[in-house]
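Q: Below are the sequence and a predicted model; questions follow.
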Amino acid sequence: GGRGNFLTFYSPQDNHSFVYMHMLRPPPVLVGKRVHAGQTVGRLGCTGSCEGPHLHFEVRVGRATPGAETKAVDPLPYLRQWPASTG
């Protein structure tokens, strides 16, 4: 679809989904598996409907599964809360 290769992380504690789209290849993470801070989960790409390589990042209220009616919200407040990378 328009998302191309994508990956969605759902946080039940926050009831928010974090979606990364247009990745170069399908994500190397299996459904239901945990990921860790600093783990590579994809590479910048231009798959699906896009004009050039970029990261399309969305924060959505609820569990964002294909076909789900979820609302995108401003990601900036979440990004400001996340600790800076030490890697």
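A: That came through, no problem.

Q: Identify all contacting residues around the lowest-mean-pLDDT helix or strand in the chain.
A: Within the chain, no helix or strand scores below helix 76-81, which has a mean of 88 by mean pLDDT, DSSP states H and E. For helix 76-81, contacts defined as C-beta atoms under 8 Å, 6 or more residues apart in numbering pick out 16, 18, 59. The way it works is simple: take the backbone N, C-alpha and C, and place the C-beta from them, glycine included.

Q: my guess is Gly42 contacts Val19, does it?
A: No. Between Gly42 and Val19 there is no contact under C-beta atoms under 8 Å: 11.5 Å.

Q: Residues that sit against both of those two, list them.
A: Counting by C-beta under 8 Å, 6+ apart, the residues touching both Gly42 and Val19 are Leu7.

Q: Relative to Glu51, how far out is the nearest residue to Ala64 once chain neighbours are set aside?
A: Excluding the flanking residues, the one nearest Ala64 by C-beta to C-beta, 6 or more residues apart in numbering is Ser17, at 3.6 Å. As for Ser17, its distance to Glu51 is 25 Å (criterion: C-beta to C-beta, to the nearest Å).

Q: any low-confidence regions in the chain?
A: The chain contains residues with pLDDT under 70 at 1, 85-87.

Q: still on that earlier bit, assign the residue nearest to Ala64 to helix, strand or coil.
A: strand (DSSP: H, G, I helix; E, B strand; the rest coil).
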